[in-house]
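Engineer: pasting the sequence and the predicted coordinates here, then a few questions.
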Amino acid sequence: MQYESFYEKSIRNPEAFWKEQADQLAWYQKPETILSKNEDGYDQWFADGSLNLSYLCIDKHIEDGYGEQPALIYDSPVTDTKKQFTFNELKDQVSRLAGGLQSLGLEKGDTVIIYMPMIPEAVFAMLACVRIGVIHSVVFGGFAPHELAIRIDDCKPKVIITASNGIEITRIIPYKPFVDQAIEEAEHRPESVVIFDRKLGVEIPARPYDVDYAKLVREADPVDPIPVASTHPSYILYTSGTTGKPKGIIRDTGGYATALKFSMKYVYGVQPGDTYWAASDVGWVVGHSYIVYGPLINRNTTVLFEGKPIKTPDASTFWRVISEYGVKVMFTAPTAIRAIKKEDPEGKLLEQFDLSGLKYQFLAGERCDVATLQWTEEQLKVPVVDHWWQTESGWPMLSNMVGVEVKPIKPGSATLPVCGYDIRILDEHGVEVGAEEEGYVAVKLPLPPGTLMSLWGNPERFREGYLSRFDGYYFSGDGGYRDEDGYIFITGRVDDIINVAGHRLSTAELEEVVAAHPAVAECAVFGVHCDLRGQKPLGLVVLKSGVSIEAEQLEKEIVQDVRSQIGAVAAFREVRIVKRLPKTRSGKILRKLLRSLANKENYTIPSTIDDVQIIDEIKEVM
């Protein structure tokens with residue numbers, strides 16, 4: 001098959017194209033209406049169809065005779081644990097938990113927050129929720145209580161599902177005290193907190209709302225999946241917003257299932273029965289789409305890995321997992337590869353493993369630098385595919401579609417648009433620019449199935465944030481350019497989001513914490529280049545008049561504040577004291593200028609700057 005003709009078909013006649021793809025799924029009610037508008041006037045897919053994600057991920061494969069195929073492999077070097085679950089075993093766990101959740105009063109349309117480490121029970125919880133039409137919101141287990149409280153108040157869960165603890169390389173993190181603190185801080189009060197005790201000796205403070213996970217599942221009757229409308233929300237996933245208030249991305253059910261099934265075959269090139277591994281976390285979009293739903297819908301064996309690319313026990317752990325389980329396609333972030341490269345630059349640790357089963361290595365989550373891409377190609381000797389997508393899209397937007405045709409790889413480019421995404425590079429007036437000209441990366445509407453429906457409880461913010469910048473387009477928030485061959489190069493965010501190891505963090509959110517320090521008058525937080533994580537946050541602070549504090553002590557206190565309120569995931573470690581911040585005459589801090597100064601890049605002094613002499617002062621502290 002030729003990529004160009006396949007792609008053109010998806011753009012020229014999207015309804016016919018996606019109807020054909022939707023036909024690959026087992027619907028309870030096959031859709032007749034393929035593309036239509038919802039009550040807010042936004043595009044929606046397969047509105048009159050009904051189906052169930054849990055059924056597609058589990059029951060369908062058992063009915064087809066694959067009940068004894070491994071569905072989920074759990075590998076946890078941090079606890080020295082390995083387990084496998086067949087589709088039959090997965091159904092038993094998920095259907096019983098779903099019954100248990102119903103016994104707590106959960107009904108279709110209710111919301112649940114899942115605050116779990118990378119353990120099988122996190123996957124069971126997600127699949128149990130969608131089995132009964134309950135909308136889940138997975139919150140990354142490393143987030144601090146304040147962040148969890150914000151999400152509790154936004155999606156108002158009836159139940160929170162958590163575990164006794166998470167495990168880092170050097171420490172155990174008790175989760176229950178974080179959950180209790182978040183509930184105390186939040187205005188909304190969940191009715192129950194379901195706790196899975198990992199039996200690792202972690203104390204679990206008792207509260208009246210507590211429910212024991214093991215007892216709930218043991219005493220529950222298993223339940224069958226219930227049909228839900230294609231447009232029924234499957235989950236809410238929060239991503240940082242520039243206002244500091246997280247945005248709750250809403251994903252539908254039918255369009256999402258269609259897109260994931262399509263992407264497993266045509267983007268990632270895996271067939272049913274293959275083993276697929278996305279080394280991410282269920283708290284992120286990659287974990288939703290490519291640890292849980294995508295592989296299981298496609299009847300792949302999926303790997304759930306609890307550990308790090310290094311120090312568990314060393315930089316060979318990824319290669320061990322690929323070799324041990326016969327992984328055909330692997331997906332991770334460039335950060336992970338950079339960490340491995342730093343520990344084992346010659347790739348000596350890789351030599352002890354048989355990686356002959358690996359066909360493709362995918363990278364995403366941040367822009368992949370050329371050196372990392374080339375090092376990975378040299379070590380693995382397979383195509384290394386840098387692809388680009390977002391929490392909002394839910395599945396790849398730019399990629400080498402290896403299941404269609406393997407295109408030549410151009411380091412620095414995420415290759416070509418994926419079927420369904422009519423990607424254009426626009427100038428500030430919404431006019432398409434020519435080859436090699438940088439502009440705004442936008443997608444001509446309609447978006448394909450599987451992308452965000454709206455924002456939870458805030459359709460107006462959805463319109464303002466994504467659809468109002470360019471009429472008739474979805475604005476990605478990224479800048480980029482297209483070369484003469486049509487390859488697209490993403491150059492980075494055009495707003496003030498910092499991308500730390502694939503985790504998007506809002507500068508507004510970080511600045512709120514930094515500014516709260518009693519010694520700080522004002523501050524600016526922005527992302528600077530980091531060889532390991534892609535970007536890292538740097539904070540510049542102006543002290544209050546008359547306040548005296550050692551720079552080292554101030555840095556230590558602010559770093560601790562960020563860690564406790566946002567979490568270690570922010571990787572916030574550097575604070576510099578300055579006399580003043582560069583601003584426009586209207587008072588806007590010039591973060592782009594600060595980034596350029598910190599990264600030693602060429603910069604243009606904006607004509608709107610209020611005092612040009614400040615640049616030399618800033619340079620001295622960088």
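Structural biologist: Thanks, I have the structure now.
Engineer: all contacts plus neighbour counts: C-alpha atoms, from now on.
Structural biologist: Will do.
Engineer: name the helix or strand for residue 84, please.
Structural biologist: Here residue 84, judged by DSSP states H and E, is contained in strand 81-86.
Engineer: partner strands of that strand, with direction?
Structural biologist: Partners of strand 81-86 in the sheet, by DSSP bridges, are strand 70-76 (antiparallel).
Engineer: other residues contacting the strand it pairs with?
Structural biologist: 81-87, 90, 119-120, 296, 299-307 (Cα atoms under 8 Å, 6 or more residues apart in numbering).
Engineer: tally of neighbours for residue 431?
Structural biologist: Close neighbours of residue 431, defined as other Cα atoms under 10 Å, add up to 13.
Engineer: do you know how far it is from residue 54?
Structural biologist: 43 Å (Cα to Cα, to the nearest Å).
Engineer: equivalent analysis for residue 374, please.
Structural biologist: From residue 374 across to residue 54, the span is 39 Å (Cα to Cα).
Engineer: comparing the two, which residue is more hemmed in?
Structural biologist: Legend: neighbour count by other Cα under 10 Å for residue 374 and residue 54, higher for residue 54 (27 against 12).
Engineer: before we move on, the earlier item: chain center to the strand holding residue 84, what's the gap?
Structural biologist: Relative to the centre of its chain, strand 81-86 is centred 24 Å away, using Cα atoms, centre = their mean, to the nearest Å.
Engineer: what does that strand contact?
Structural biologist: Applying Cα under 8 Å, 6+ apart, the contact partners of strand 81-86 are 67-76.
Engineer: just flag the most distant two among the residues you listed.
Structural biologist: Across those, no pair lies farther apart than 67 and 76, at 24.2 Å, counting by Cα to Cα.
Engineer: on the three-state scheme, the spatially closest residue to residue 580 that is not a sequence neighbour is what?
Structural biologist: Residue nearest to residue 580 in three dimensions, not counting chain neighbours: residue 542, with 5.8 Å by Cα to Cα, 6 or more residues apart in numbering. The three-state assignment at residue 542 reads strand, by DSSP: H, G, I helix; E, B strand; the rest coil.
Engineer: what sits against residue 542?
Structural biologist: Residue 542 is in contact with 520-523, 577-581, counting by Cα under 8 Å, 6+ apart.
Engineer: now do residue 490
Structural biologist: Residues near residue 490 by Cα under 8 Å, 6+ apart: 367, 413-414, 478-481.
Engineer: circling back to that earlier point, list the buried ones in the very next helix or strand once past the strand holding residue 84?
Structural biologist: Reading on from strand 81-86 to the C-terminus, the next helix or strand found by DSSP H and E is helix 87-103. Residues 87-102 are the ones in helix 87-103 that count as buried (16 or more other Cα atoms under 10 Å).
Engineer: pick the one among those closest to residue 325.
Structural biologist: Nearest to residue 325, judged by Cα to Cα, of the buried residues of helix 87-103 is residue 87 at 16.8 Å.
Engineer: in this structure the closest one contacts residue 64, no?
Structural biologist: No: with contact defined as Cα atoms under 8 Å, residue 87 does not reach residue 64; the gap is 11.2 Å.
Engineer: need the contacts of strand 81-86 in JSON lines (columns: neighbour count and pLDDT).
Structural biologist: Converted to JSON lines, the contacts of strand 81-86 look like this (neighbours: other Cα atoms under 10 Å; pLDDT from 0 to 100):
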{"residue": "67", "neighbour count": "19", "pLDDT": "98"}
{"residue": "68", "neighbour count": "13", "pLDDT": "98"}
{"residue": "69", "neighbour count": "19", "pLDDT": "98"}
{"residue": "70", "neighbour count": "20", "pLDDT": "98"}
{"residue": "71", "neighbour count": "27", "pLDDT": "98"}
{"residue": "72", "neighbour count": "25", "pLDDT": "98"}
{"residue": "73", "neighbour count": "20", "pLDDT": "98"}
{"residue": "74", "neighbour count": "18", "pLDDT": "98"}
{"residue": "75", "neighbour count": "21", "pLDDT": "98"}
{"residue": "76", "neighbour count": "19", "pLDDT": "97"}
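Engineer: need those in a markdown table (columns: distance to residue 342).
Structural biologist: Below are the contacts of strand 81-86 laid out as a markdown table (distance: Cα to Cα, whole Å):
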| residue | distance to residue 342 |
| --- | --- |
| 67 | 42 |
| 68 | 40 |
| 69 | 37 |
| 70 | 34 |
| 71 | 33 |
| 72 | 31 |
| 73 | 28 |
| 74 | 27 |
| 75 | 24 |
| 76 | 23 |
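Engineer: who's in contact with residue 171?
Structural biologist: Here residue 171 is in contact with no residue (Cα under 8 Å, 6+ apart).
Engineer: so it versus residue 611, what's the distance?
Structural biologist: Counting by Cα to Cα - residue 171 and residue 611 are separated by 47 Å.
Engineer: go on, residue 421?
Structural biologist: Using Cα to Cα, one gets 44 Å for the distance from residue 421 to residue 611.
Engineer: higher neighbour count, those two?
Structural biologist: Legend: neighbour count by other Cα under 10 Å for residue 421 and residue 611, higher for residue 421 (24 against 12).
Engineer: alright, calling it a day.
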